[in-house]
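**Student:** I need the structure of the sequence given here:
(one chain, ligands or ions: 2)
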Amino acid sequence: MRGGFVLAVLTVLCHGHVLRQDEIELEWWESTIFYQIYPRSFADSDGDGIGDLKGITSKLEYIKEIGAGAVWLSPIFQSPMYDFGYDISDFYAIHDEFGTMEDFEELLTKADSLDIKIVLDLVPNHTSNESIWFQEALKGNEKYYNYFVWEDGIIDENGEMQPPNNWLSHFRGSAWEYKEEVGKYYLHQFVVGQPDLNYRNPDVVEEMNNVIRFWLDKGVAGFRVDAVNCLFEVDKDMFGGKYPDEPFSGRTDVDPESHDYLSHIYTKDQNETYYMVYQWRNVFDEIAAKDGLPRVMMTEVYASIQDVVKYFGEGDQIGAQVPFNFDLITDVDASSSAADMKRAIDKFLTYKPLEKKPNWVVGNHDQSRMATRYGSSLVDGINMIVLLLPGVGVTYMGEEIGLVDGYVSWEDTVDPSGCNTNDPINYVTSSRDPERTPFQWNAEKNAGFSTADKTWLPVAEGYETLNVEVQKAAERSNLKVYQALADLRQDSVFRYGRYDSLAINHDVFAFRRWYKADTYIVLVNMRDMSHEVDLTYFENVTGDVSVVIRSVHSPKSEGDVFDASTVPVAPYEGIVLKLL
Ligand code: GLC
Ligand code: MG
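**Tutor:** Numbers count the residues shown, from 1 in each chain. Ligands and ions are numbered 1, 2, ... in the order given. All right, here's what the predicted structure looks like:
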């Protein structure tokens, strides 16, 4: 009470008045755009058909041009690539297909000169089975044996050894793998080559803290943290020393090998997880205190909204600044109404702690591309939502040009999630290869991605017309709209302004941002239908509005003026209007 009073008095003395929430200076990450690069698919500098670090470095100007201030790189560490880098065999080394540590340092230096922050991917839940840690464990080295999760098998009525319980891998089948050398099973929540680390062992916690320190000390601006909610399994001592079976999920549309067959009450979202995240945040802040650059933590968690917001932390327990908000991936798509969109957006805004920043994600390397899910006509409208809502915007590479999923045949499929279906027909619903096809730079060979005769995944059809070069040259394109949005986002209205929204009718979603004397209204028509909308349903909106940015196929021109009570909206149109 008293402390608060003293602080208030001091604030008044220092600034002449107490700062309002919308006057507090933002940290670098609070208003930037994070651009996700999947390194294997962005740019290949050495012609082996696989993207690499030098390739990324050569394209940093492009990232600058589109207006992103930070890049998150999917894993670049040493890996046998069973899960394309999410199976790490050496957390302290760069994978040779991507380049060398010098290449990475060059990337950092060039990014720094362009004022682009680099965020890496931390994969704490598991290592590769080829890591020294796992190899040592197999050799009977007790320290490293304790890094992993081991369990005795069960002898069935035929005298045969079976896995300890019914736990399932995300990529189908048992989550347990037997190791002759050890005489036990180890847990792998993902592929067989991804043994889970044991976070009940303080040595593992310290090891991962050191990994974090190693990269942050190099000037890396933070980490996206992979599969965080799988970190802990239930404490087996609570169950008589044996990990208990998980219950049936009730889903009859999936087969018993599918991860969705069970309800993951013992392998996901355990309470200890949040404290591990708060503990990591202390490590981030410890480095930030040394060099003055706030480090950002972004957590990848698909869970209930109540659980997702726990990653922010509360009170003294401070967690991630950006617990990814996947609602615009999981809750809405091309079939959604304006009301569905409003509800999906309000969900995160409603549940997040008041003082924390929201974030907006519409795609990543695990999800069908935004343009495919929403339809190419909605690309500009969806980018308006991602970039003009309050808080952090996240773009998966290609969303700025409306890249669509590529077709990858069964023969060309490499993603374990697709391959493990063993189903040449239905693999497509599980494979993540379509959203990982190479980036499309131009109309040349392999879309300018690589000079190789064969790229690691095929380039998507249609790249001759859907690519960066074409969109740069065109007078109007998704890319140009994206750049305009990224520019406008710098305005105080979008940095500090308030927000409200309306489902104007079944099809048209509208939101308003305002700050001091300025008000903007964004309209997104989600359907192939024309409308005339009345924006005076928004409080304090009357008079004229003028067009600031409009989607590629909009019949409007910049500067067109309409009466706010009768604004025509074309099919799938996205419009940013300014109240005059
Ligand atoms: C995350 C990654 C995904 C990976 C999995 C296992 O979900 O985004 O690509 O397969 O974790 O590391
Ligand atoms: Mg290469």
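**Student:** please enumerate the helices of the stretch 301-450 of the chain.
**Tutor:** Ranges of helices within the stretch 301-450 of the chain are 305-308, 327-330, 338-351, 370-374, 379-388, 416-419, based on DSSP state H, counting those that start in this stretch.
**Student:** now render the ones you listed as CSV, adding distance to ligand 2, mean neighbour count and mean pLDDT.
**Tutor:** Where you see a C-beta, it was placed from the backbone N, CA and C, and this is true even at glycine. As requested, these are arranged in CSV below (distance: least, CB to the ion, whole Å; neighbours: other CB atoms under 10 Å; pLDDT from 0 to 100):
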stretch, distance to ligand 2, mean neighbour count, mean pLDDT
helix 305-308, 36, 16, 98
helix 327-330, 29, 19, 98
helix 338-351, 37, 18, 98
helix 370-374, 26, 23, 98
helix 379-388, 29, 26, 98
helix 416-419, 22, 22, 97
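**Student:** nearest to ligand 1, out of those helices?
**Tutor:** The closest of the helices of the stretch 301-450 of the chain to ligand 1 is helix 416-419. By CB to the nearest ligand atom, the value is 7.1 Å.
**Student:** convert the C-alpha atoms of the closest one to PDB, please.
**Tutor:** Presented in PDB, the C-alpha positions along helix 416-419 are these (Å, rounded to 0.1, in the frame of the first residue of the first chain):
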ATOM      1  CA  PRO A 416       7.000 -38.600 -40.300                       C
ATOM      2  CA  SER A 417       3.500 -37.500 -39.500                       C
ATOM      3  CA  GLY A 418       2.600 -38.400 -43.100                       C
ATOM      4  CA  CYS A 419       4.800 -41.400 -43.500                       C
END
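**Student:** so what's residue 31 up against?
**Tutor:** Counting by CB atoms under 8 Å, 6 or more residues apart in numbering, residue 31 touches 392, 489-490, 494-495.
**Student:** closest one to residue 103 among the helices of the stretch 301-450 of the chain?
**Tutor:** If you check each of the helices of the stretch 301-450 of the chain against residue 103 by CB to CB, helix 416-419 wins as the nearest, at 27.1 Å.
**Student:** any residue of the closest one up close to ligand 1?
**Tutor:** No - Helix 416-419 lies apart from ligand 1 when judged by CB under 6 Å from any ligand atom; the minimum separation is 7.1 Å.
**Student:** and that helix, what does it pack onto?
**Tutor:** Helix 416-419 makes packing contacts with no helix or strand when contacts are defined by 3 or more CB pairs under 8 Å, 6 or more residues apart in numbering; DSSP states H and E.
**Student:** after that helix, which helix or strand is next?
**Tutor:** Next helix or strand after helix 416-419 toward the C-terminus (DSSP states H and E): helix 468-473.
**Student:** most widely separated two among the contacts of residue 31?
**Tutor:** Within the contacts of residue 31, 392 and 490 form the most distant pair, 14.1 Å apart (CB to CB).
**Student:** which one's more surrounded, those two?
**Tutor:** Shown here are residue 392 and residue 490; by other CB atoms under 10 Å, residue 392 has more neighbours (24 against 11).
**Student:** chain neighbours aside, what residue packs nearest to that one?
**Tutor:** Residue nearest to residue 392 in three dimensions, not counting chain neighbours: residue 359, with 3.9 Å by CB to CB, 6 or more residues apart in numbering.
**Student:** count of residues packed around the one you found?
**Tutor:** For residue 359, the count of nearby residues is 25 (other CB under 10 Å).
**Student:** tell me the SS of whatever residue of the chain ends up closest to ligand 1?
**Tutor:** At 3.3 Å from ligand 1, residue 86 is the closest residue in the chain, using CB to the nearest ligand atom. Here residue 86 takes the coil state, with states given by DSSP: H, G, I helix; E, B strand; the rest coil.
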